[in-house]
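**Q** give me the fold of what follows.
(chains A, B, C and D)
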Protein chains: 2
Amino acid sequence: MEPKIIPDIVVGRLPIYLRALQRMLQEGKPVTSSQELSERLGISAAQIRKDLSQFGEFGKQGTGYNIEFLHEKLRQILKIDRMWDLVVVGAGDIGSAVARYQGFEDRGFRVTMIFDNDPKKIGTQIGPFTVLDAANMVDTIRSNGIQIAMIATPAVQAQAVADELVKAGIRAILNYAPLNINVPEGVHVQHTDPLTHLQRMTYYL
Amino acid sequence: MEPKIIPDIVVGRLPIYLRALQRMLQEGKPVTSSQELSERLGISAAQIRKDLSQFGEFGKQGTGYNIEFLHEKLRQILKIDRMWDLVVVGAGDIGSAVARYQGFEDRGFRVTMIFDNDPKKIGTQIGPFTVLDAANMVDTIRSNGIQIAMIATPAVQAQAVADELVKAGIRAILNYAPLNINVPEGVHVQHTDPLTHLQRMTYYL
DNA sequence: TAGATTGTTAATCGATTAACAATC
DNA sequence: TAGATTGTTAATCGATTAACAATC
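**A** Alright, predicted model coming up:
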């Protein structure tokens, strides 16, 4: 059993395949093909087949892929066939919207706490959550064994928050702050920033 | 004068460089180097130099890059040395947060309208905006000559909204709906979805 | 001058695509 | 069986890196 290394760029496409499959499930389709997925997603059929075949033989020649089966396999591969708890740091507009967002629960993620360091915000209610004091953040996260966090603070605080999160045992960070954060080996960061996306498109206008 | 074609992946890194330069400007630094940028961003110095050199000779041997100069050059290249109007479609949690977000204005983008098709939402106030009836969307966008839109509707409506936006003359779409949308050649789409980012990280946990 | 850093070339590395035997 | 589509190999394409002359 060799531990085959999967390129990160392939891993990054799996959630996209998963999203399409989820949609097809809702539509009640039983099977699909690399070609159909290709048309929906704008990714070549050869690449889709190659990506999927890195993890196993999920299709049938002549028929294609059973949607329910492939969907379940991808959930297992991405380890979202379980529930992941996560915390939100920063109770501003973005943090509040994230904490209230309903779309996580049925996709394997559950917001469990939201922190802020502003005395005016601590103790207030955001959806089902009471905003917690960031001063207790490290201990609280650690004692709950939480591994995933979202940073939704202003840019100036983001790096300090990231350092604390790492201390607390967090291993995956989704960063909403408009700033690159540096973390040690083994901690994963994904950056999400509407401005970056917009600026990338204006180049072509 | 050959119209050199710049790879999309290079264009995609320019906003990241710009963000770092903006930060250095705030810190009051006068010059930087490809190596310093490399350390901040986790992108190799050679690649940074190569990317920048596609657009001109912005640095000085032995010295590096003048931050203010390079910052301005990148703004010109990305065409954000001007103000772009944009519209938001969907006045739910995400649409509201986006419409209220303060960070666009000083980065070249200005939200000018927000649309929804829910009678309960039309006419209500979100930050400085009154929610407009989506029924008039195409005409309103067209007559204002707006080229950029953000889709923040539920997934089921996103494709139909995208079709309308294209009809209205929109040429760049930032899509918050958890679904791939298809658009004609020449229209640019960027997708932003926290779930996709999270799912990509759990693979490594 | 000595040291530093760019812009650029050539070499390497990795990702995508085309093609097709296998087979449902 | 005939038609369709997978999984996989080899070929192509493109992106990244290493190295260094040029020069500030």
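
**Q** secondary structure class for A:Trp198?
**A** For the record, residue A:198 is Leu, not Trp. helix (DSSP: H, G, I helix; E, B strand; the rest coil).

**Q** likewise A:Lys50?
**A** When classified by three-state DSSP, A:Lys50 comes out as helix.

**Q** swap in A:Ile173?
**A** strand.

**Q** so what's it scoring on pLDDT?
**A** pLDDT, A:Ile173: 98.

**Q** which ones are touching it?
**A** For A:Ile173, the contacting residues are A:148-151, A:162, A:165, A:181, A:183, A:187-190, by CB atoms under 8 Å, 6 or more residues apart in numbering or on different chains. For the C-beta atoms, the positions are set from N, CA and C on the backbone; glycine is no exception.

**Q** ok, now with 7 Å
**A** Going by CB atoms under 7 Å, 6 or more residues apart in numbering or on different chains, A:Ile173 touches A:149, A:151, A:162, A:165, A:183, A:187, A:189.

**Q** tell me which residues touch A:Val89, please.
**A** Counting by CB under 7 Å, 6+ apart, A:Val89 touches A:115, A:134, A:149-153, A:161.

**Q** and those, which of them are in strands?
**A** Residues from the contacts of A:Val89 lying in strands, with DSSP state E as the criterion: A:115, A:149-151.

**Q** elements contacting the lowest-mean-pLDDT helix or strand in chain A?
**A** One helix or strand of chain A scores below all others by mean pLDDT, DSSP states H and E: helix A:93-100, with a mean of 90. Applying 3 or more CB pairs under 7 Å, 6 or more residues apart in numbering or on different chains; DSSP states H and E, we find helix A:93-100 packed against strand A:84-89, strand A:109-116, strand A:125-126, helix B:93-100.

**Q** is it possible to export those to TSV including distance to B:Arg40?
**A** Output for the helices and strands packed on helix A:93-100, formatted as TSV (distance: least, CB to CB, whole Å):
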stretch	distance to B:Arg40
strand A:84-89	22
strand A:109-116	26
strand A:125-126	33
helix B:93-100	27
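
**Q** just the ones in strands among the contacts of A:Val89 that are near DNA strand D?
**A** Counting by CB under 7 Å from any atom of the strand, nothing from the ones in strands among the contacts of A:Val89 sits close to DNA strand D.

**Q** closest to A:Asp106 among the residues you listed?
**A** A:Asp106 has its nearest neighbour among the ones in strands among the contacts of A:Val89 in A:Met150, at 18.0 Å by CB to CB.

**Q** OK, contacts around the closest one?
**A** A:86, A:88-89, A:98, A:174, A:176.

**Q** ok, A:Val87 next?
**A** A:112-113, A:115, A:141, A:146, A:149.

**Q** how close does the residue most central in space within chain A sit to chain B?
**A** Nearest to the geometric centre of chain A sits A:Leu174, at 7.1 Å (CA atoms, centre = their mean). A:Leu174 is 5 Å from chain B, where distance means CB to the nearest CB, to the nearest Å.

**Q** hang on, that residue packs against B:Leu198?
**A** Yes: between A:Leu174 and B:Leu198 a contact is recorded at 6.1 Å, counting by CB atoms under 7 Å.

**Q** outline the domain layout of chain A.
**A** A:8-77, A:84-197 (automatic domain parsing).

**Q** go through those domains and pick out the most buried.
**A** Most buried of those, by mean neighbour count (mean count of other CB atoms under 10 Å in any protein chain shown): domain A:84-197, with a mean of 19.

**Q** and that one, how far apart are its ends?
**A** Taking CA to CA, to the nearest Å as the measure, domain A:84-197 stretches 27 Å from start to finish.

**Q** ok, A:Asp85 - contacts?
**A** Counted by CB under 7 Å, 6+ apart, A:Asp85 has contacts A:110, A:112, A:144, A:146.

**Q** now with 6 Å?
**A** A:110, A:112, A:146 (CB atoms under 6 Å, 6 or more residues apart in numbering or on different chains).

**Q** A:Ile181 now?
**A** So A:Ile181 contacts A:158-159, A:162, A:175 (CB under 6 Å, 6+ apart).

**Q** show me the residues you listed that map onto helices.
**A** Residues of these located in helices (DSSP state H): A:158-159, A:162.
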